[in-house]
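Undergrad: Below: sequence and its predicted model.
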4 protein chains.
Amino acid sequence: MSPNRLEAFSDGVFAIVVTILVLDLHVPDPGSGTLGHELLAQWPSYAAYVVSFLTVGIIWINHHAAFGRLRVVDHSILVWNLALLLTVSVLPFTTSLMATYLKQGSGENLAAAIYGASFLLMGGVFVLANHHILFNRRGDLKGPVSDETARQLLVRGALGQIPYLAAVVLAFVSPYATIIICAATAVYYALPVASREAGQSGTTIA
Amino acid sequence: MSPNRLEAFSDGVFAIVVTILVLDLHVPDPGSGTLGHELLAQWPSYAAYVVSFLTVGIIWINHHAAFGRLRVVDHSILVWNLALLLTVSVLPFTTSLMATYLKQGSGENLAAAIYGASFLLMGGVFVLANHHILFNRRGDLKGPVSDETARQLLVRGALGQIPYLAAVVLAFVSPYATIIICAATAVYYALPVASREAGQSGTTIA
Amino acid sequence: MSPNRLEAFSDGVFAIVVTILVLDLHVPDPGSGTLGHELLAQWPSYAAYVVSFLTVGIIWINHHAAFGRLRVVDHSILVWNLALLLTVSVLPFTTSLMATYLKQGSGENLAAAIYGASFLLMGGVFVLANHHILFNRRGDLKGPVSDETARQLLVRGALGQIPYLAAVVLAFVSPYATIIICAATAVYYALPVASREAGQSGTTIA
Amino acid sequence: MSPNRLEAFSDGVFAIVVTILVLDLHVPDPGSGTLGHELLAQWPSYAAYVVSFLTVGIIWINHHAAFGRLRVVDHSILVWNLALLLTVSVLPFTTSLMATYLKQGSGENLAAAIYGASFLLMGGVFVLANHHILFNRRGDLKGPVSDETARQLLVRGALGQIPYLAAVVLAFVSPYATIIICAATAVYYALPVASREAGQSGTTIA
C-alpha cells in the first residue's frame, strides 16, 4: 500500500478527534444561575479542551514526520498505525473525564491521572511505532537514515514522555499539576524552539 | 511538509465542524405541544445553524486561498493553522450557546456577544495567520506577491472584522442585531460582488 | 481552485452525514421491556436510517458526476456547492424527526412531510447547481457538452424530484407513503437500470 | 469514476466510525460511587470499544486490498461499496447495544447475538462485494487475477466468517463467548501470521 491512503485515513481520525472534543463543552442549563457565572465555572472544560486539541495537533504533526519517512507501508505498519489511532481516539473520553471531575471536586486525582496516562500511552505507542519504522522497516524508508539519527530520534521521543509520566504521578498531589504540565508540554512543542532543536531530522516529540 | 496534507487535515476539520452543527438541531419532545408550534419556536437554532454553516464555509474558501499560496509549509505554518482550526472547532459550542439562550430569553445578550466574539476571534487569527504567510514566509510562496498586494489583502481582511466587532458590541443592545450582522456578512461574502472585488488576488474575507 | 479540494471537502461532509445518522439509533433503556420487543418497536428509526443513508450515498454519486465535469471551480461554484452541502447536512435532523414522530404516533404527518421536503430541497438545489454548471460555467467544463445533452441531464434531474414532491403531499395522507416512496426512489437509483438509462452522460438523478 | 474518490469517501466513513465509537464511553455520573469503582464497572464498554475499533480497522485494510485492485469503478461498484459502508456505519449502534446490556445483566444474550451478527453482516457483504469485483468486473482490474487466485481469495474470505457465525450462535450460551471470539478474530488478523498467510494475494479477511 502507498502511504497516501494510510495518511488520508489517519488524517481523518485526527481531524475528527480534535473536532468532537467540542461536544464536551456543554451549554449551561438556562435558569441554574447567571450565564456568565455558569460559563466561568466550566473553566476546567475549556482548559482540558485546549490542551487536548493542541496535543493531538502536535501528535498529528509528528505522525506526518514519522510515517512520512516511509516509501511503502506493509501490514505491520498498518497495525502499528491502528494501535496509535486507537490511543488517539480515546482522548475525547479521558478529556471529558478530567473536566467533569475537576469541576466536581471529587475523584479529581484519579481522573487527572487517567488523563495524563492517556497522553503517556499515546506517546509511548508513538515511540514504539517510530522504533518499528526506523529499525525494523528501514528498507522501506524514502531516504537513508543513519543508526545515529534513528537513535537520536527515539531518545528524544522517549524523553518527551517524561513530562507525561510526571503528570500522572503528580495527579495524586494535585490535578492542577497534571493540566499545567500537559499544557506546558503542548505549548513547548508548538513554539519555534522545539522545531529548531529537532533540526533537519524532523519535528518529533515522541 | 507539502501543503497537501495540511489541506487534507484542515478540510477534514472544516467538514466536520459544518456537519456536527446539525447535532444542535433538537427534535422536539413529543407531547410538549403541537409539532408545528414546537418547530417554529426553535427558529433561533435554525438561524444560528445557517449563519454558522455559511460562515465556516466562507472561511474554508478563504483558508484555501491563503494557505494555497504556499509552496511548502514549515512548523510555524502548521502551528498557525492549528490555532486557526482551534477557533473554528469551537463554533459548534458558541452556536449552540447562542441558540439556546435566544430561545430562553435570558442571558441572551452575553450569549450573542460570545457568538459574535467567536467569529471575531476566528477572523482575527485568520488575519494574523495570513500576515505570517504573506510577510514572514514570503520565500515559501508559490509565486511572487508584492508588498502592495500583501498589504491590500491584509487591510481587506482586517476591515472584514469590523462587522464582527459591531456584532459583539451591539449584542448588548439586542442579540438579534448580532445574528443579523453575522448573517448579512455571510451572505455578502457568498455573493458574486465580494468575489469580484477581491479581483485577481483571490477571494479573501479576512 | 482545482476541483480536487472542493471534492475532498464535499466528500468529508457526505461521509460525516451518512455516518452520524447512526447517532439516532438509540439503545433501548434497559428495564423498559424485553430487549427484542423494544428493538422491534424502533423499526421507523431503522427504516429512516437506511433510506437516508442510501439517498445521501446516491446524491454523493451524482455530486461526483456533476462537479466532476468541471476543469476549474470559481467562487460561484463554491457557493452553490456550499448551498447543496447545507441541504445535505440537515438530513440527520429531518431523519431523526421523522423516526421520532412515526414511533410516537402524533405529529407524524408533519414530520413525514418535512422529511420528504428535505429530500426535495436537496434535489432541487442539486438541479439548480447542475444548471449553473452546465449553462453558466460551460467554459469551465473538461469536455464539450452539447445544449441537447445539458438539457436532457437537467430534465431527467427535474423529473427525479417528482417522487419527492409526491412524498411531501402524500405525507398528509399517510407518513408510511412518504417513507415507501423515498425508499423506492433510493432503491431505483441504486439498481443497474438507473445507471443504464443515464447512458454515457453519467449517473445523475437530479 | 477513478477509484480515488471512492477510496476518499470510504476512508472518511471508516475514520468517522472508529472515532465516534468513543462517544459510547460515558463519563460516570459524579456522586454515584467512587470513580475507580464506577470506571471498572464499565469494562464491557471498553472491551466492545477496542474489539469494534480493531475490527473496523482490519476491514479498512481489507477494503483497500479489495477495491484497490480496481482500475476504474462503475455504478455497480459504487452501490456495492455503499452497501458495505452501510453495514460498517451501523457498528457504533450494535457496539453500544452490546456494552449496555452486558453491564445490565439482562437481554445480554440477544444484544451479543446482534453484535456478532453485525460483524457477520459486514463480513458477508464484503465477501459478496469482493466476489462482484473479482468475477463480474474482472475487466476493470489493474492486473490479471487468475480464476484460481480469485477463488482462493473468496474461500479464505468466506472461511473468515465462521468465527462470527459461531459468535452469533454462542451468544445464546454466553455473551462473553461472543466478545472473546470477536476479540480473538481481530487480534488474529492484526498479527503478522494472517498477513503472511495471505501471501502475495493481499491481506484479506473476508
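TA: Received it, and whenever you're ready, just let me know what you need. Numbering: from 1, shown residues only, chains lettered A, B, ... in the order given.

Undergrad: From D:V22, how far out is A:Y49?
TA: 15 Å (Cβ to Cβ, to the nearest Å). All C-beta spots, glycine's among them, are computed from the backbone N, C-alpha and C.

Undergrad: got the contact list for A:L70?
TA: Residues in contact with A:L70 (Cβ atoms under 8 Å, 6 or more residues apart in numbering or on different chains) are A:P3, A:I77, A:I133, A:R137, A:D140, A:L141, A:K142.

Undergrad: name the helices or strands packed onto the strand or helix carrying A:V125?
TA: Applying DSSP states H and E as the criterion places A:V125 in helix A:108-131. Judged by 3 or more Cβ pairs under 8 Å, 6 or more residues apart in numbering or on different chains; DSSP states H and E, helix A:108-131 is in contact with helix A:43-67, helix A:75-89, helix A:91-104, helix A:147-159, helix A:162-170, helix A:175-190, helix D:35-40.

Undergrad: Can you check what angle separates the third one from helix A:43-67?
TA: Think helix A:91-104. Counting by axes from the mean of the first three to the mean of the last three Cα atoms, to 10 degrees, helix A:91-104 lies at 160 degrees to helix A:43-67.

Undergrad: so helix A:91-104 versus helix A:175-190, what angle?
TA: 140 degrees.

Undergrad: What is helix A:91-104 packed up against?
TA: Here helix A:91-104 touches helix A:3-20, helix A:43-67, helix A:108-131, helix A:175-190, going by 3+ Cβ pairs under 8 Å, 6+ apart.

Undergrad: on that earlier part again, show me the contacts of A:L70 that map onto strands.
TA: Members of these lying in strands (criterion: DSSP state E): none.

Undergrad: Any residues of chain A in contact with chain B? List them.
TA: Along chain A, the residues adjacent to chain B under the rule Cβ under 8 Å from any Cβ of the partner chain are A:7-8, A:11-12, A:14-16, A:18-23, A:25, A:27, A:30-31, A:34-36, A:39, A:50, A:53-54, A:57-58, A:60-61, A:64, A:68, A:190, A:192, A:194-195, A:203.

Undergrad: one step back: out of the contacts of A:L70, who has the most neighbours?
TA: In terms of neighbours by other Cβ atoms under 10 Å in any protein chain shown, the contacts of A:L70 top out with A:I133 at 24 neighbours.

Undergrad: Quick check: mean pLDDT of stretch A:187-197?
TA: Mean pLDDT, stretch A:187-197: 74.

Undergrad: Give the helix, strand or coil label for A:P28.
TA: Following DSSP: H, G, I helix; E, B strand; the rest coil, the label given to A:P28 is coil.

Undergrad: Contact partners for it?
TA: Here A:P28 is in contact with A:L35, A:E38, A:L39, A:Q42 (criterion: Cβ under 8 Å, 6+ apart).

Undergrad: residues contacting the first one?
TA: To tie it back to what came earlier, the one meant is A:L35. Contacts for A:L35 (Cβ under 8 Å, 6+ apart) come out as A:P28, B:Y101, B:S106, B:G107, B:L110, B:A111.

Undergrad: hang on, the fourth one packs against B:Y101?
TA: Yes: look at B:G107 against B:Y101 with Cβ atoms under 8 Å: they come within range, at 4.7 Å.

Undergrad: So for those two, which residues contact both of them?
TA: A:P30, A:L35.

Undergrad: What is the burial count for the closest residue to A:L82 other than its chain neighbours?
TA: Leaving out its chain neighbours, the residue that sits closest to A:L82 by Cβ to Cβ, 6 or more residues apart in numbering or on different chains is D:G57, at 4.1 Å. Applying other Cβ under 10 Å, we find 25 residues neighbouring D:G57.

Undergrad: Same check on the one 4 residues further on?
TA: Neighbourhood size, D:I61 [other Cβ under 10 Å]: 26.

Undergrad: Now for the residue lying closest to it once chain neighbours are set aside: which residues touch it?
TA: In this structure, D:I61 finds its nearest non-sequential neighbour in A:L78, 5.4 Å apart by Cβ to Cβ, 6+ apart. Neighbouring residues of A:L78 by Cβ under 8 Å, 6+ apart: A:M1, A:L6, D:I61.

Undergrad: nearest to chain B, of those?
TA: Distance to chain B across the contacts of A:L78 (Cβ to the nearest Cβ) is lowest for A:L6, with 11.6 Å.

Undergrad: For chain D, see how far away the closest one is.
TA: Distance, A:L6 to chain D, using Cβ to the nearest Cβ, to the nearest Å: 9 Å.

Undergrad: Return the residues in contact with that residue.
TA: Residues counted as contacts of A:L6 (Cβ under 8 Å, 6+ apart) are A:F67, A:V73, A:I77, A:L78, A:N81.

Undergrad: quick one: is stretch A:39-46 near chain D?
TA: No: Stretch A:39-46 is not in contact with chain D by Cβ under 8 Å from any Cβ; minimum separation 11.5 Å.

Undergrad: Assign the residue of chain A most remote from its centre to helix, strand or coil.
TA: The C-alpha centroid of chain A is most remote from A:G31, which lies 36.8 Å away (Cα atoms, centre = their mean). Following three-state DSSP, we place A:G31 in the coil state.

Undergrad: would you list the contacts of A:L6 in a markdown table and tack on pLDDT?
TA: As requested, the contacts of A:L6 are exported to a markdown table (pLDDT from 0 to 100):
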| residue | pLDDT |
| --- | --- |
| A:F67 | 93 |
| A:V73 | 93 |
| A:I77 | 95 |
| A:L78 | 94 |
| A:N81 | 96 |
